[in-house]
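Participant: 3D model of this:
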Amino acid sequence: MEKTFEIQGMKCMGCVSAAKKVVEGLPGVTTVEIDLEGGLATVSGDFDPAQVAQAITDAGYPAKVAD
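Facilitator: Numbers count the residues shown, from 1 in each chain. Modelled structure (predicted):
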């Protein structure tokens, strides 16, 4: 499965790194690509999308599954 998430509040590559690190640690996640300018993360694997959005939000960057 591949899902795209909208992420708010990322301002630099440090933000991208922090968000990527929390997602990579989740069960079932195989790859994470984050577009700083677009505010989007593309996550692949067999994971719970709600858990990914919550982990990014808990890291300080409000996130939701993109429409």
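Participant: so V32 sits in a strand?
Facilitator: Yes - under DSSP: H, G, I helix; E, B strand; the rest coil, V32 falls within a strand.
Participant: how close does it sit to F5?
Facilitator: The gap separating V32 from F5 is 10 Å, by CB to CB, to the nearest Å. C-beta coordinates here come from the backbone N, C-alpha and C atoms, glycine included.
Participant: can you list residues touching both of the two?
Facilitator: Residues touching both V32 and F5 by CB atoms under 8 Å, 6 or more residues apart in numbering: 41-43.
Participant: from D67, how far out is the closest residue to T30 other than its chain neighbours?
Facilitator: Excluding the flanking residues, the one nearest T30 by CB to CB, 6 or more residues apart in numbering is G45, at 3.8 Å. As judged by CB to CB, G45 and D67 stand 21 Å apart.
Participant: ok, A18 next?
Facilitator: 25 Å.
Participant: neighbour count winner among these two?
Facilitator: Each of A18 and D67 has its neighbours counted (other CB atoms under 10 Å); A18 has more, 15 against 5.
Participant: am I right that that one sits in a strand?
Facilitator: No - assessed with three-state DSSP, A18 is helix; it does not lie in a strand.
Participant: and the helices in this structure?
Facilitator: Using DSSP state H, the helices of the chain run over 13-24, 49-58.
Participant: what's the angle between the first one and helix 49-58?
Facilitator: Here the directions of helix 13-24 and helix 49-58 differ by 150 degrees (axes from the mean of the first three to the mean of the last three CA atoms, to 10 degrees).
Participant: now do the buried residues in helix 13-24.
Facilitator: Neighbour-count burial for helix 13-24 flags 15-16, 19-20, 22-23 (criterion: 16 or more other CB atoms under 10 Å).
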